[in-house]
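In: Need coordinates for the below:
(chains A and B)
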Amino acid sequence: MPDWAGPVARYILEEGLPGTLRVSAIAVVGSALIGIVFGTLLTIRFWPLRALLRGYVEIFRGLPILVTVFIVYFGLPAITPQLRFGPLDAAAIALVVWGSAQVAEATRGAVQSIPHEQHEAASALGFGWVGRHRAVILPQALRRLLPPFVSLLVNIVQNSTLAQAIGGIELLQAAKSQSERLTFYPPAGIGEIHAFEIFAGVMVLFFLISFPLTRLAALLERRLI
Amino acid sequence: MLLATYDLSAFVSENWRELLDGLLNTLKVSAIAIAGALVIGLVLGAARAHRIPVVSQLTAVYVEIVRNTPILVQIFMIFFALPQFGITFNQFTVAWLSVMIWGGAFNSENFRAGFGAVSYRYREAAYALGFTPLRTFLNVTLPIGGRIALPSSINTYISVVKNTSLMYVIGYEELTTTAINISNLTLETLEALTVLGVVYLTIVWSLSAAIRLLETRLALPEAR
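Out: Below you'll find the predicted structure:
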């Protein structure tokens, strides 16, 4: 290992990795909670709410995620200054919006794949709409959601790099700033270019996170269907 | 506060030339990348489906690397890291090249699945009629498997178009970069975001509608 590698790796792992993990964690939890509620509500008969949610899903699945990031980071503060977020939070919110639209569509499909007799049997046992979905429909539907959910996790971890575009310090931005620092003359840097080694390292790191998860998603797909 | 001054028509009439140039760049990059991804997908998808030695394994490695790393890191690799070895591209080349490499990987999976779904009895019938393996592929596997793979490959092209927005990070003046740059100068943030939203949703929704249309029109007779 060359001398420069240690401090670079330490900076990327200590400053960058927490940013990536924080954005990913918020995005995964938020997407799952909001997406499952929205997706279940997409199956109800009250059409105005259904149309509203359909619009949400189609818009945020259709937009490039970077545009959604800009809407949160630049657009919301332009409407009211209270909605000003830091780059990492803005990226996390944008990924929640995008991810919840993805989860909602998958949940709708999963809920509708549960045979109608299940709804009728639950109703006959005296369950209301909420109880029926919580105790009977969703536990079955969530099983089918597992493979797409693992894929979503991979996508969210990868898309957390979008925070870089608005200056959030996550893995990619940390790598970029370190590779720029090394090109400076001492004492700040060493006056050498090591962009390839550094970005390749980040690539390997993402691969090590993503590859087992994509394998798991493929495995779950085969086992559950 | 800025809502009171929101004026979309003024924004568009003052900046339509730049925005149009940006849109044309987005479409140009997308068109090159989609054409390239189609060729990559057809060739490597066929190699994977027919388990052609070496090519098939190399394709698998290529697909796994692209699928399991963020496209933004791939763009950085091409734009910031390759110059270290004297390989420099201008922003336009990086733009179409990076999304083409990305789309090609996903497309070779689409076509691998499509070609793999063509029943072996069709190919056996072609061999029985004296077709060579290449003629069998061109006359039997490609038309049938290509139709099976078409919807999922169009989905990949939709993602390719959306991913061209990432060229913002290398400063290539496609639609997103153009609109954000204008809004940085004029502070017409909401107008710029509206334009972005309307244009991208128009493109994406049109392509999605095309998929639904093609799915019914091109469905194999057996599947109807």
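
In: how about low-confidence regions in the chain?
Out: Reading this off chain A. A:224-225 (pLDDT under 70).

In: Switch to chain B, please.
Out: Ranges of chain B meeting pLDDT under 70: B:1-3, B:220-224.

In: how far does the longest helix seen in it sit from the chain's center?
Out: In chain B, taking DSSP state H as the definition, the longest helix is helix B:8-49. Relative to the chain's own centre, helix B:8-49 is displaced by 8 Å; criterion: CA atoms, centre = their mean, to the nearest Å.

In: ditto for stretch A:107-116
Out: Per CA atoms, centre = their mean, the centroid offset for stretch A:107-116 relative to its chain is 23 Å.

In: in it, what's buried?
Out: In terms of neighbour count (16 or more other CB atoms under 10 Å in any protein chain shown), stretch A:107-116 has its buried residues at A:107-111, A:114. For every residue, glycine as well, the C-beta is placed using N, CA and C.

In: do the same with stretch B:103-120
Out: Quick answer for stretch B:103-120 (16+ other CB under 10 Å): B:103-116, B:118.

In: Now do the same contact list for the closest residue to residue B:18 other than its chain neighbours.
Out: Closest residue to residue B:18 apart from its sequence neighbours, by CB to CB, 6 or more residues apart in numbering or on different chains: residue B:178 at 5.5 Å. Counting by CB atoms under 8 Å, 6 or more residues apart in numbering or on different chains, residue B:178 touches B:18-19, B:21-22, B:25.

In: what's the helix or strand containing residue B:151 packed up against?
Out: Element membership for residue B:151 (DSSP states H and E) is helix B:142-163. In this structure, helix B:142-163 packs against helix B:8-49, helix B:91-116, helix B:189-217, with contacts taken as 3 or more CB pairs under 8 Å, 6 or more residues apart in numbering or on different chains; DSSP states H and E.

In: For the residue nearest to residue B:99 when sequence neighbours are not counted, give its distance to chain A.
Out: Leaving aside its sequence neighbours, residue B:99 sits nearest to residue B:33 (CB to CB, 6+ apart; 4.2 Å). As judged by CB to the nearest CB, to the nearest Å, residue B:33 and chain A stand 14 Å apart.

In: gap between residue B:33 and residue B:97?
Out: Per CB to CB, to the nearest Å, residue B:33 is found 8 Å from residue B:97.

In: Kindly report the same for residue A:143.
Out: Residue A:143 is 41 Å from residue B:97, by CB to CB.

In: When those two are compared, which one has more neighbours?
Out: Neighbours were counted for residue A:143 and for residue B:97 using other CB atoms under 10 Å in any protein chain shown; residue B:97 has more, 19 against 12.

In: For the helix holding residue B:151, buried residues please.
Out: B:142, B:144-163.

In: mind exporting whatever helix or strand comes next after it as CSV, just the C-alpha atoms?
Out: Going down the chain from helix B:142-163, the next helix or strand is helix B:175-186, by DSSP H and E. Written as CSV, here are the backbone C-alpha positions of helix B:175-186 (Å, rounded to 0.1, in the frame of the first residue of the first chain):
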residue,chain,number,x,y,z
LEU,B,175,-31.7,19.7,-20.5
THR,B,176,-31.2,19.4,-16.7
THR,B,177,-27.8,21.2,-16.6
THR,B,178,-29.2,23.9,-18.9
ALA,B,179,-32.3,24.5,-16.8
ILE,B,180,-30.5,24.5,-13.5
ASN,B,181,-27.8,26.8,-14.9
ILE,B,182,-30.4,29.3,-16.0
SER,B,183,-32.2,29.1,-12.7
ASN,B,184,-28.9,29.8,-10.9
LEU,B,185,-28.6,33.1,-12.9
THR,B,186,-32.2,34.2,-12.9
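
In: Tell me the buried residues in helix B:175-186?
Out: Neighbour-count burial for helix B:175-186 [16+ other CB under 10 Å]: B:175-183.

In: which residue sits closest to the residue positioned nearest the centre of chain A, ignoring its sequence neighbours?
Out: Taking CA atoms, centre = their mean as the criterion, residue A:156 is the residue nearest the geometric centre of chain A, at 3.0 Å. Nearest residue to residue A:156 in three dimensions, chain neighbours excluded: residue A:27, at 4.6 Å (CB to CB, 6+ apart).
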